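Novice: Fold the following, please.
(chains A, B and C)
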Amino acid sequence: MLNGLPQVSREGDRQYLKLPWYSRALSGIADFSRRKPLGAIGGAILLILIFISVTSPLISPQDPYEIRGGSILAAPSSELLLGGDSLGRDVLSRLFYGGRISLYVGLVSIAIGITAGAFLGALSAYFGGKIDLVVQRFVDAFIAFPGIILGLAIMSVLGSSVNNIIFALVLVLAPSAIRTVRAQALAIKEMDYVLAARALGAGDLRIVIRHIIPNCMAIFIILFTLNLGYAIIVEATLTFLGVGVPPDVPSWGGMLAEGGIAYIKDAPWLAIAPGIALSLAVFGVNLLGDALRDVMDPRLRGT
Amino acid sequence: MTGYILQRLALFIPTLILASFLAFAIMRILPGDPAIAMLGGAEGSFTQEDLDVVREKLGTNRPLHIQYGTWIRDLFQGNLSESYFFRVPVSQLMTDRFPVSTQLAVMALLLSYVVAVPLGVLSAVKQDSWFDHAAKIFTIAGVALPTFWVGILILFVLGNYFNWVPPLDYANFWENPLINLQQMIFPAVALGYFNTAFAARLTRSTMLEVMHEDYIRTARSKGLKEAVVIGRHAVKNAFLPVVTIVGFQLGRLFGGAVVIEAIFVVPGVGTLLVDSVLIRDYPVVQAVILMIALIVLGLNLVVDLLYGWLNPRIRYA
Amino acid sequence: MAGLPEMTGLWLTAQVDIPPTAAYYVAHTKAIPQNIIVISYLKGQDMSKLSKFNIRILISVSVMLAAIAAAACGSAEQPTAAPPPTAAPAAPSGAGATATPAPTAMPAATATPASPPQIATVEVPTPGVVESAAEKPWASFAAQAKHGGTLRNAEAVLPDHWDLHQSCCNPGPAASRDLFNNLVMYDPTDQKTIVGDLAQSWEWAPDGLSVTFRIWENAVWSDGQPVTADDVVFSLNRMVEDGVSRPRVKNLRPYYDGSEAVDPATAKVNTKFPNPAAFLPFLAVDFMSIQPKHVLEGRADVEEFFDEPANIVGSGAYLFVSHELGQGWVFEKNPNYFKDGLPFADGKETFVIKDKDRFVTAFMTDQIDIVHRGSLLPLTDMVSFKNEWESKGLGVVYSPGFTLQGLTNMKWTAPPFDDPRVRRAIFLAIDRKELADIDKLGFAKMGQPFFPGTQWASSDEEVAKWPGFRYVDESGELYLGDPIGVDGLTKHPDDIAEAQRLMAEAGYGDGFTANYHTYTANKNVPVILKQQLQNILNIELNINITDTAATIAAEQGVDFSHFVSVHNGPNIVDPDDLMSGVYLAGAPRNPIDYEDPMIRDIFERQKSEPDLAKRQALIREAEAIILKGEHHMIQYYWYGDPRWIVPNHVKNYVPRQTVQYGMGTEHLWMER
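Specialist: Next up, the predicted model:
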């Protein structure tokens, strides 16, 4: 966000720093929005979805868990705005609550998985040698293990719960992040400015933190945004396979997995609603991610 | 170079051992006993003796380290042992199923790269144009929609609007390519969509980066035509990260095939793998995972070599 | 393993199968306004349409019978609407039985509790009488059959075993029933009376302690050897063999007392007590195949167990050709089959389709001719498919009657379930109507202990008065009828109060937390139970979904925590089967051996009771014990959901009583 700050003179700088933090943040956001309107839209979509998810207990018109015998696959009505699902539960309320689970699962597993993976990848690339050798063997072994099967197995061992699915996702996601970031870091490591920094006597940690990691930021953000969708999809697929979140807990993936051709024909709202929510979330993250990447990539600065 | 390849091949061994150990361990940690499942499961009123007989036959009554050791030893003797459930040698299952899944994965990969690379390059070159935006929607839908959902949607459209779905009886590509392609093209599309989207987005962003690199500026300032700049310099460099993920994507394709193969009744290794996990057919699961590991590792090696070729700054240390 | 809870769509679905009422089947022509069947039900509309409905059924049945008769007389056009159930020769008796209003499938039918559904009952053998005439039971339909074509069949799973004696579940016989013969079978044209299969005739000894079978002398194995009485003796002995796994065929153990080959075509079979009513019905179940002695003798069980299906030597209508691993198998017509003229198709090809949507599209695009084993689709999908299929007049989707039992077992040996008061509280508190309405969309009956709608059942009115089964209408009046599918009913407040009192008395007034173990295909029941138990008893359920193998381990008590979901699909409509399947210690659905000593006593007394009324009285006693609600399991409903899909061009199909027999297809033909 730093370089989203207004470019001002020294005098302007002083004035700017006198402003309270929220004004600074606001002006930062305003500037970001001016420069990257699409990114701002993406961020707004994401914020709205997160807001809905967080406030779902307040804004849900119905109890998402309440089973209604009379509303099984009911069409949208004034009582159930998006109709009922196969147990007569309110689809709209489940959509709101489902966002909590899906976004939580997606964001947390990505945050842990990609961050840990990126860090390991950068370290592995930078230090090379034995560390790299060992880390890469583990990465290879995990990557070679099909992700769905790994998830299936982990979920079967641990049982279906939200936190277990996060754990499974971290194990599925991290290896690819390690590998991709390592590749990027390897390239950066050979860049002139890193060689120059080393020649000037910079320490390992300094080089990793000041040069390698910032220069991996773009790829990190891409991975983050691309994999958010993937994480939600893996959650959906595991739920489709029957070992995802527990069946009473609403999640977008689970709601999507429940439908099939029968629902597309007879009760399309069941498939469309979570599909749109899922796509919106991924869309928002991607727009924001693209914009952030453009802003943060040091090589794109000033362009 | 040869030394590098040999060195990398040598590295296969620890990775494979790790993968084999992972496959072995995960199957043993999973609750459920193949002997119980074979004895009729919930329906069977078997005795402890029955269980012992079957466990003895399967060898699952021996200590875990012995089981693992035996498996590895047999492996080195080229003996993959026999499937608990199908009652045929695992090697036969593998030779039956792997070509099918490989065809599917390769088709999906080809389809995705044929679409993704031009899409990504053009999006980057025409950044923020209508083409870029359309491509963005297409690719975001690709990464947002679960593969199984895309597959079901394709089936729905085919069945509902064209009153046609691919024929059921699987035909070998070499014997009946026409039927085979009818059967494989739709699962390949469904499977490849995610990869297309993923690769297109990656291509676009690396292209954008590369196009701001000094050497591109230099190329431009030399007065080279834009097409040459893009084609000769930018694309080649933008390819780097995209190529990196091929091996990883192939692994993902084998994983994604698990669902798509079932939806389209493709007798590949994905369905075999999941079925075998579900019935705790240890020898099959272990062998299949190891085989996938071998394929992915081999591909990664090729990728690394390509990588070096594309980026001469990497030294084979 | 394939047979157990199996795949729905992609994955495993509980696959137990069960019987239908004959009436329901015949009534189920496309003439039925399908919107009434489900849509109005789903939307909870009023059920007044029902009476109209029954009249329409009667009309449609009459029209249909007339059409069949016309067709049988050789008239030109086959009406597309008429499915072939009780094809011409069998028509008189079959039609008589089927003309009664169809009570089963339509939830709406429950509005008329006075007419209990008619599930055909098992005939009790009469000693000293030859049961099967020497005439060929298949001659009646063979004359009008159309020959040719390949019957394309769909399965969702692979068979657990090709050796039927070792097979646990109906995917086994669904795959290989056509390769073998039993001694006796259910008549394929009515699926309720027993006729000879390999047996040409049989005769009970006057003392009722043995039955002598005469087998067809022209029957041969596929390797050319003749089928002899030695094979029969060998096979029966193999079925009851001790110390080995005989998941289904072991049902003969309580009855069978050895046999001998009198001459090459005659086998005398002894029974442990006189006149066992369930003996012949058990012998007619698809698992009880006669196997070749000269092939299997001396082979260890496990060898057979691990053998390839290509080595199968059978006597049946089809011969094994090939097995495409994982995708299906191919049979060809047996040219030397002893039932002359059968089978009518030139071959049979089975495709294994695991995904539910692929399965639907296969039917819609005419890639499959029949599915007649299990429910390959989740119920909501199946209902949607049925509506579309039948409204377009493409065929019929049949459901069994109410002989599949939905159960939840409790770990009764550990707290809190070791307290009978807790078990009774749960027994009283659960809302069986809601479970049936939502999970089975009304294709169910209340979970009384013995087969509802049969001679072993209590009437709907009696059931409606039992604690735990009681419902009141809006004015607080006790509802006397089957409450399933009826609007405006709520659980009797006394049941709820008593359940809460029992929990408080047991020291669980504030409830407790329990794990509920279930497999992927059965996830609605725990979700609904969770809400019910939470609201009434403060019991908090953690639902733990695992795949089949892990659930089996849980069911077997290896990892059984608190609750585990089970289904029971009896082989035959007889109390013997139900009691030894669920209520007695050692029953497969009773993994930690709960047993009330009185139940064992009643079981022993009823199994050889020749007098139906006395036997029924004994069953009432057993029922009273189970209704104390202290058993190891909660039973909520008996269900029979639509599952067998038969397009119009497949002829001579009659749905069967239970899902464990009648999977052979030798009697079917195709006519477009």
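Novice: now the helices: where do they sit in the stretch 101-250 of chain A?
Specialist: In the stretch 101-250 of chain A, helices defined by DSSP state H, counting those that start in this stretch lie at A:129-144, A:147-158, A:162-189, A:192-199, A:204-206, A:213-240, listed in chain order.
Novice: meant to ask about the stretch 151-300 of chain B, not that
Specialist: In order along the chain, the stretch 151-300 of chain B carries the following helices (DSSP H, counting those that start in this stretch): B:177-211, B:214-221, B:226-228, B:235-263, B:269-278, B:282-310.
Novice: anything in the second one near chain A?
Specialist: No. Contact of helix B:214-221 with chain A is not found when judged by CB under 8 Å from any CB of the partner chain; the minimum separation is 9.2 Å. Any C-beta I mention is one placed from the backbone N, CA and C, and that applies to glycine too.
Novice: buried stuff in that helix?
Specialist: Within helix B:214-221, the residues that qualify as buried by neighbour count (16 or more other CB atoms under 10 Å in any protein chain shown) are B:216, B:219.
Novice: Residues contacting that helix from elsewhere in the structure, which ones?
Specialist: Residues outside helix B:214-221 that contact it (CB atoms under 8 Å, 6 or more residues apart in numbering or on different chains) are B:210, B:226, B:228-229, B:232-234.
Novice: just the angle between that helix and helix B:235-263, please?
Specialist: 120 degrees (axes from the mean of the first three to the mean of the last three CA atoms, to 10 degrees).
Novice: Between helix A:192-199 and helix B:214-221, find me the angle.
Specialist: Comparing the axes of helix B:214-221 and helix A:192-199 via the same axes, to 10 degrees yields an angle of 140 degrees.
Novice: Check the fourth one too.
Specialist: Using the same axes, to 10 degrees, the inter-axis angle of helix B:235-263 relative to helix A:192-199 is 110 degrees.
Novice: Off-centre distance for helix B:235-263?
Specialist: In terms of CA atoms, centre = their mean, to the nearest Å, the centre of helix B:235-263 is set 6 Å apart from its chain centre.
Novice: and the direction of it versus that of helix B:269-278, what angle?
Specialist: With the same axes, to 10 degrees as the criterion, the two stretches helix B:235-263 and helix B:269-278 enclose an angle of 60 degrees.
Novice: Same question for helix B:235-263: list its buried residues.
Specialist: Within helix B:235-263, the residues that count as buried by 16+ other CB under 10 Å are B:235, B:237-263.
Novice: Give the rounded mean pLDDT of that helix.
Specialist: Average pLDDT, helix B:235-263: 74.
Novice: How about the shortest one?
Specialist: Averaged over helix B:226-228, pLDDT sits at 74.
Novice: related to what we said a few turns ago, want to try JSON lines for the contacts of helix B:214-221, with distance to residue C:212 as columns?
Specialist: Compiled in JSON lines, the contacts of helix B:214-221 are given as follows (distance: CB to CB, whole Å):
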{"residue": "B:210", "distance to residue C:212": "90"}
{"residue": "B:226", "distance to residue C:212": "96"}
{"residue": "B:228", "distance to residue C:212": "96"}
{"residue": "B:229", "distance to residue C:212": "96"}
{"residue": "B:232", "distance to residue C:212": "92"}
{"residue": "B:233", "distance to residue C:212": "93"}
{"residue": "B:234", "distance to residue C:212": "90"}
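Novice: same for chain A: which of the residues you listed are within range?
Specialist: Here nothing survives when the contacts of helix B:214-221 are matched to chain A using CB under 8 Å from any CB.
Novice: List just the nearest of these to chain A.
Specialist: Comparing the contacts of helix B:214-221 against chain A with CB to the nearest CB places residue B:210 closest, at 9.6 Å.
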